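Trainee: quick one: sequence plus predicted model below, questions after.
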Amino acid sequence: MALIAGAGNPTGGSNPSGTGNILNYIGEFVYAYSGSFEGSQTIQTVIDTTSSSQVIVGEFQLNACVATGSPNVGLITGADISFDGQLVARIKADGQSENTPASQLQAVVIPPYTKITVEVDSDDNQAARLGTVTFTGRVY
């Protein structure tokens, strides 16, 4: 279910809800959090929202699934970022190798009224290994 972001005046701010499928506006800044997701070989939609009437410049951060309490145990996690159903970026983070980044950034420009979807999956099914996706940006 897509939630319309920025109801009312997006540059005036909205009530930040923390995690979930909504863009939160605070002044001219915007953010979204997926909340934690479990490592799974099944594709999961973790962000599904629509931008407001203004252009947003920002970046997504994918954090690979890692076991809490055992940071040396992780998974390879991928994310597809789509705008209006079209893939705009595919990123991968590796929570297994110590010489590979466990977080990846992807810069984007989001046009007005764009449906934003982020889907993730991992190389194994491990409920005790959690990942996240965050988005931070500025409204213009």
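Mentor: Cool, the structure landed.
Trainee: in this protein, where is pLDDT below threshold?
Mentor: 1-20 (pLDDT under 70).
Trainee: with adjacent residues omitted, what lies nearest to Val55?
Mentor: Spatial nearest neighbour of Val55, chain neighbours left out: Tyr140 (4.7 Å); criterion: CB to CB, 6 or more residues apart in numbering. Every residue, glycine included, has its C-beta placed from N, CA and C.
Trainee: would you mind measuring from that neighbour to Glu28?
Mentor: With distances taken as CB to CB, to the nearest Å, Tyr140 is found 8 Å from Glu28.
Trainee: count of neighbours near Thr132?
Mentor: Thr132 is flanked by 19 other residues according to other CB atoms under 10 Å.
Trainee: pretty sure it is touching Ala32, no?
Mentor: No. Taking CB atoms under 8 Å as the definition, Thr132 is not a contact partner of Ala32, at 11.0 Å.
Trainee: quick one: contacts for the residue nearest to Val55?
Mentor: Glu28, Gln54, Val55, Ile56, Val57 (CB atoms under 8 Å, 6 or more residues apart in numbering).
Trainee: identify the bridge partners of the closest residue to the first one other than its chain neighbours.
Mentor: Distances taken as CB to CB, 6+ apart place Val139 nearest to Glu28, at 5.1 Å, with adjacent residues excluded. When bridges are assigned using DSSP bridges, the partners listed for Val139 are Ile56.
Trainee: do Phe60 as well
Mentor: Here Phe60, judged by DSSP bridges, has bridge partners Gln106, Phe135.
Trainee: equivalent analysis for Phe29, please.
Mentor: Ile26, Arg138.
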